[in-house]
Each structure stands twice: as structure tokens, then as C-alpha cells.
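Engineer: sequence first, then the predicted structure, then my questions.
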Amino acid sequence: MNSLIGADWAAWSVIAPLAGAVLAALWPRSGPLLGMVVSVFAVLVSAGAALGVWHDGPARAGLGGWEVPLGIALHLDGLSALMLLMTAVVGFAVSVYALAYIRPGSGRDKFWPLWLWLWASMNGLYLSGDAFNLYVALELLGLAAVAMVALAGGAAALTAAMRYLLVSLLGSLAYLMGVALLYASHGVLDLALLGQVMGDEPATRLAAALMTAGLLMKTALFPLHVWLAPAHGSAPAPVSAVLSALVVKASFYLILRLWLDVFPQPEGSAFALLMGALGAAALLWGSLLALRAQRLKRVVAYSTVAQLGYLLLAFPLMLAVPAAWHAVVFFALAHACAKAAVFMAAGSLQRSAGHDRLAGLGGVMRREPMTLFALGIAGASLVGLPLTGGFIAKWLLVEAAIQGQAWGWALLVLVGGLLSGAYVFRVLGHGFIRDLAVTQHHPVPALMSWSVLALALVSVALGFAGAPALELLTRHGGEGS
């Protein structure tokens with residue numbers, strides 16, 4: 001293991017939140033303290049992992065000293081290190097926000113164990129190099145996310161959680177069936193070994209189709225998005241931020257990892273064009289729903305459906321520009337920071353006004369200028385305005401499309417930016433309507449306001465950090481780099 005931090009040390013990004021979850025369940029009153037300690041530790045370890053990959057390249061180790069094929073491999077490269085760092089930064093901001101948002105007696109005792117458990121599951125998924133171990137992490141991630149959706153209580157939250165659970169289980173079952181087919185055909189589950197021995201036989205194609213379809217369900221990509229808006233709209237604001245910014249990215253990360261490192265590239269362009277068409281449909285349909293929604297959290301949830309469509313553009317763009325997936329990963333980073341900030345700002349406004357109806361939020365927005373400012377900054381990144389991470393991400397997508405002479409995909413990115421501008425400015429416009437009637441206003445705690453603003457500023461800082469992030473992605477351990 002020649003990495004500065006190595007896959008062995010990066011495993012602490014799984015062990016620490018897992019231990020924190022157990023301790024928070026045993027001593028509920030210590031949950032907030034444990035959550036913050038784990039958050040700080042996760043940022044440090046993730047930054048160290050990224051630096052290790054930057055200096056020494058990818059690292060690989062067998063869990064518990066058992067080497068492949070007997071043991072489970074932990075794999076750390078530029079892609080997984082960047083996902084760990086993204087999760088740590090967003091997770092830290094969400095944890096700080098939750099300190100003030102989650103009140104005693106309102107699910108605080110349950111939030112922290114579930115949140116740390118979910119965090120451990122995501123990090124385990126990013127580091128695992130074994131197809132079955134990935135299934136275990138994916139299942140734990142889904143169960144924790146479903147439980148967090150139900151934290152709000154009430155019929156709407158429980159109904160949304162049950163719908164999410166059914167879709168999650170169906171997606172997991174499809175993925176597991178694909179894993180079983182791969183093991184029956186090749187006798188190994190290690191991703192690196194599978195990538196070496198896998199051919200283009202019918203069993204492999206069926207396994208790839210099952211695993212991809214199952215992961216698309218969990219990612220809520222069109223037309224498998226029916227669970228997302230009810231789940232994100234009903235959940236508490238910190239949970240909505242985590243689901244939209246991180247959880248759906250984890251399953252997409254796995255899709256990308258499998259097609260980069262494991263599955264043979266399909267002959268012809270039919271598969272890539274199908275994925276691109278689904279992405280285009282998601283972008284257009286999600287934007288339309290966001291434009292029609294009358295509640296703030298529903299607008300933000302449907303915008304997630306739309307923005308996730310950009311992720312699928314990796315497949316048609318890679319036909320002409322193999323490294324186009326770098327732009328998609330950077331888009332995922334920029335979207336995670338901006339979308340978490342937007343959901344947290346929406347939760348602050350909802351807490352302050354007692355509702356999230358757009359028609360009645362204007363007065364509260366004016367009385368909470370810091371929250372409105374943070375919402376505007378994060379929204380600018382979602383739109384892709386200059387000096388934001390979203391602008392760099394969409395510029396890279398357009399550049400890849402032009403380089404590959406895929407003019408239609410370049411036009412789609414630009415149209416998506418216009419549509420996102422329409423629903424973002426529709427929300428922000430309520431803060432400038434000169435209607436001073438405010439039926440209810442509770443001041444937003446400073447901790448919530450500052451954490452939202454800090455994360456929104458991170459989405460701007462990404463506009464100046466594109467080069468290091470893209471350079472880190474070149475330290476990829478598979479064939480797709």
C-alpha cells in the first residue's frame with residue numbers, strides 16, 4: 001500500500017461513523033456531540049485520503065488482512081476519494097444545521113444514530129471493491145434513508161417512507177440478481193477481477209441490465225423517480241438535504257463505477273443514446289414539475305429530478321470523449337453542495353413561516369436576509385451562473401459535447417440551464433414582492449443560517465477549484481480514465 005493514507009486508513013471513514021451510530025443509539029443524549037466529532041473526523045480523513053491519492057495514486061487493500069479473492073477489497077482512487085470528500089463537507093454542514101433544527105423531543109434521539117449509520121453506509125459503498133459487499137452497503141444505506149424519511153411522523157411522511165422502501169427494495173433485488181448471475185458465470189465478486197474476466201456473453205448483458213436498472217431506481221432517474229418528491233418533500237430539512245445531495249449520488253456513483261471498471265462497453269451507441277434520452281426526459285419533465293409546484297420543498301425536490309438528468313449525459317458524451325465522465329462527476333459535486341444548501345434554506349424558511357407555500361413566504365424571506373442570500377447563491381450554482389461550481393460543471397459538459405460534435409447534448413445543457421433559472425428565479429422573486437403581510441415569523445437560529453450560508457459559499461468556491469478536482473479524477477484505478 002503506497003498511498004499516503006492508504007485504503008486501510010481510509011477505512012476509518014467507515015468505522016468512525018459506524019461506531020458513532022452505535023454509541024448515539026446507546027446514549028441518545030450524546031448524539032449531537034458524537035455527530036459533530038464524527039463530522040470533523042470525517043472531513044480530516046477524507047481530505048487525507050484525497051491528498052494520499054493525489055501524491056501516490058490509487059490504493060488497494062484486503063479488509064482485515066485477507067487478500068482477494070478470499071477477502072473483501074477496499075479500493076481508494078480519485079473518484080472514490082472525491083466522493084468521500086464531498087460527503088464529508090456536505091455532511092459536516094448538515095450536522096451543524098441539525099444541531100439547531102432537530103429539537104429535543106422531535107426525533108433528535110433517532111436522527112443522530114440513523115444519520116451516522118447512513119454516513120457509514122455511503123463511505124463503505126465508495127470504498128468497497130466487491131460486488132456483494134456493495135450490495136450490503138447499498139441495502140444498509142436504503143434502510144437508513146427510509147427510516148430518516150419517516151422521522152417527521154404523520155401520514156404523509158409514513159406513506160412516502162413506505163413508497164421509498166418498496167422502490168428501494170425492488171432496486172436492491174434487481175442489483176442482487178445481477179450479482180448472482182455474475183458469480184454463477186465467473187466465480188468471483190471482486191470488481192477488478194470481474195473486469196479482467198468478463199466478456200460480452202448473454203449472462204453478462206443480463207446482469208448489467210438488472211444491476212443498472214436497480215441502481216437507476218435508487219437514483220430516482222426518470223421515469224423511476226416517483227418516490228423522490230414525496231420522500232424529500234415530507235422529510236425534515238436535514239434529511240431532505242442528505243437524500244437529495246448525497247444518497248442519490250451514491251447509487252449513481254456505483255452505476256458509473258461498474259460501467260467504467262467492470263462491464264464491457266456495449267457495441268454500438270444504442271445503450272448510450274437510451275441513457276442520454278432518459279437524462280433529457282428527466283431534465284425537461286423535472287423542470288416542468290418544478291415550475292408548476294406551489295410549495296417550496298416540492299420545487300426543490302422536482303429540481304433534483306431535473307438536475308439528475310445531467311448525470312446520464314456521461315454515457316452519450318463518453319462515446320466521443322472518453323474522459324467526459326470527469327465533467328459529470330464534477331457536476332455531481334457542485335450539485336451536492338448547492339442542493340443541500342437550497343434544501344436547508346427551504347427548511348429554515350418553512351420553520352420560520354410555519355409552512356412552505358410559495359405564495360406566503362415573501363414576507364418571511366425579507367425578514368431572513370441571510371437565508372435568502374444563501375438561497376440565491378446556491379440557486380445561482382444550480383442555474384449555472386458564472387463564478388459558481390455549477391457554471392464550471394455545465395461549461396465542462398458543453399465543452400465535452402462540442403469536442404465530440406454532439407451538438408444536441410450541448411443544446412440540452414443550455415436549455416436545462418434556462419429552465420433551472422426559471423424555477424429558481426420564480427422562488428427568489430417572492431422575496432422581492434412588496435407585500436409586507438406576514439402572518440407568522442419565528443427567527444431562524446443563527447447556527448442554521450450560518451451553516452446554510454457556508455455551504456452555499458462552498459458551491460461558489462468550487463467554481464475556483466475545478467482544476468484540482470479534475471486532476472484528482474485522473475488518479476482513477478480503472479480503464480475508464
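Structural biologist: Received, thanks.
Engineer: quick one: average pLDDT of the helix or strand where residue 17 lies?
Structural biologist: For residue 17, the enclosing helix or strand under DSSP states H and E is helix 12-26. Across helix 12-26, pLDDT averages out at 89.
Engineer: what of stretch 472-481?
Structural biologist: 61.
Engineer: quick check: which ranges of this protein have low pLDDT?
Structural biologist: 1-9, 61-72, 104-108, 267-268, 434-440, 477-481 (pLDDT under 70).
Engineer: where along the stretch 51-200 of the chain do the helices fall?
Structural biologist: 78-101, 108-127, 131-149, 154-186, 191-197 (DSSP state H, counting those that start in this stretch).
Engineer: now these as CSV including distance to residue 59 and mean neighbour count?
Structural biologist: Any C-beta I mention is one placed from the backbone N, CA and C, and that applies to glycine too. Below are the helices of the stretch 51-200 of the chain laid out as CSV (distance: least, Cβ to Cβ, whole Å; neighbours: other Cβ atoms under 10 Å):
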stretch, distance to residue 59, mean neighbour count
helix 78-101, 9, 25
helix 108-127, 10, 25
helix 131-149, 17, 22
helix 154-186, 24, 18
helix 191-197, 13, 17
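Engineer: where's the closest residue to residue 181 other than its chain neighbours, which helix or strand?
Structural biologist: Excluding the flanking residues, the one nearest residue 181 by Cβ to Cβ, 6 or more residues apart in numbering is residue 207, at 4.0 Å. Assigned by DSSP H and E, residue 207 belongs to helix 202-219.
Engineer: got the contact list for that helix?
Structural biologist: For helix 202-219, the surrounding residues in contact (Cβ atoms under 8 Å, 6 or more residues apart in numbering) are 138, 142, 167-168, 170-179, 181-182, 184-185, 198, 224, 248, 251-252, 254-255, 258-259, 263-264, 266, 278, 308, 311.
Engineer: same question, stretch 83-92
Structural biologist: 10, 13, 39-40, 42-43, 45-47, 49-50, 119, 122-123, 126-127, 241-242, 245-246, 249-250, 253, 332-333, 336-337, 340, 455, 458.
Engineer: out of the residues you listed, which end up buried?
Structural biologist: For these, a burial check counting by 16 or more other Cβ atoms under 10 Å picks out 10, 13, 39, 42-43, 45-47, 49-50, 119, 122-123, 126-127, 241-242, 245-246, 249-250, 253, 332-333, 336-337, 340, 455, 458.
Engineer: so which of those sit within helices?
Structural biologist: Using DSSP state H, the members of the buried ones among the contacts of stretch 83-92 that fall in helices are 10, 13, 39, 42-43, 45-47, 49-50, 119, 122-123, 126-127, 241-242, 249-250, 253, 332-333, 336-337, 340, 455, 458.
Engineer: re the thing from before, so what does the helix holding residue 17 touch, helix or strand wise?
Structural biologist: In this structure, helix 12-26 makes packing contacts with helix 31-56, helix 108-127, judged by 3 or more Cβ pairs under 8 Å, 6 or more residues apart in numbering; DSSP states H and E.
Engineer: tabulate those helices (TSV), appending distance to residue 80.
Structural biologist: Listed next are the helices and strands packed on helix 12-26 as TSV, based on distance: least, Cβ to Cβ, whole Å:
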stretch	distance to residue 80
helix 31-56	8
helix 108-127	4
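Engineer: which one of those helices lies nearest to residue 393?
Structural biologist: helix 31-56 (18.5 Å; Cβ to Cβ).
Engineer: if we ignore the residues flanking it in sequence, what's nearest residue 255?
Structural biologist: Nearest one to residue 255, counting by Cβ to Cβ, 6+ apart, is residue 215 at 4.8 Å.
Engineer: can you report how many residues neighbour that neighbour?
Structural biologist: 26 (other Cβ atoms under 10 Å).
Engineer: again, but for the one 5 residues further on
Structural biologist: The local packing count at residue 220 equals 29, with neighbours defined by other Cβ under 10 Å.
Engineer: quick check on it: phi, psi?
Structural biologist: Dihedral pair for residue 220: phi 60, psi 40, per degrees, to the nearest 10.
Engineer: ok, now how distant is it from residue 249?
Structural biologist: 11 Å (Cβ to Cβ, to the nearest Å).
Engineer: returning to that earlier point: Throw the helices of the stretch 51-200 of the chain into TSV and include distance to residue 290, thanks.
Structural biologist: Formatted as TSV, these follow (distance: least, Cβ to Cβ, whole Å):
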stretch	distance to residue 290
helix 78-101	21
helix 108-127	26
helix 131-149	20
helix 154-186	18
helix 191-197	36
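Engineer: out of the ones you listed, nearest to residue 397?
Structural biologist: helix 78-101 (17.1 Å).
Engineer: run the chain-centre distance for that closest one.
Structural biologist: In terms of Cα atoms, centre = their mean, to the nearest Å, the gap separating the centre of helix 78-101 from the centre of its chain is 10 Å.
Engineer: the helix or strand that residue 255 is a member of packs against which elements?
Structural biologist: Per DSSP H and E, residue 255 falls inside helix 248-261. The contact analysis (3+ Cβ pairs under 8 Å, 6+ apart) places helix 248-261 against helix 78-101, helix 108-127, helix 131-149, helix 191-197, helix 202-219, helix 296-308, helix 325-353.
Engineer: will you turn those into TSV that also has distance to residue 378?
Structural biologist: TSV is the format used below for the helices and strands packed on helix 248-261 (distance: least, Cβ to Cβ, whole Å):
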stretch	distance to residue 378
helix 78-101	11
helix 108-127	21
helix 131-149	22
helix 191-197	35
helix 202-219	21
helix 296-308	10
helix 325-353	4
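Engineer: which among those helices is found nearest to residue 390?
Structural biologist: Of all the helices and strands packed on helix 248-261, helix 325-353 comes closest under Cβ to Cβ, at 4.9 Å.
Engineer: what's the angle between that closest one and helix 296-308?
Structural biologist: Helix 325-353 and helix 296-308 are oriented at 180 degrees to each other (axes from the mean of the first three to the mean of the last three Cα atoms, to 10 degrees).
Engineer: how about the CA coordinates for the following helix or strand past helix 325-353, as PDB?
Structural biologist: Counting by DSSP H and E, the next helix or strand C-terminal to helix 325-353 is helix 362-367. What follows is helix 362-367, C-alpha atoms only, in PDB (Å, rounded to 0.1, in the frame of the first residue of the first chain):
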ATOM      1  CA  GLY A 362     -42.300  36.500   0.600                       C
ATOM      2  CA  GLY A 363     -42.500  38.500   3.900                       C
ATOM      3  CA  VAL A 364     -40.500  35.800   5.800                       C
ATOM      4  CA  MET A 365     -37.800  35.800   3.100                       C
ATOM      5  CA  ARG A 366     -37.400  39.600   3.600                       C
ATOM      6  CA  ARG A 367     -37.100  39.200   7.300                       C
END
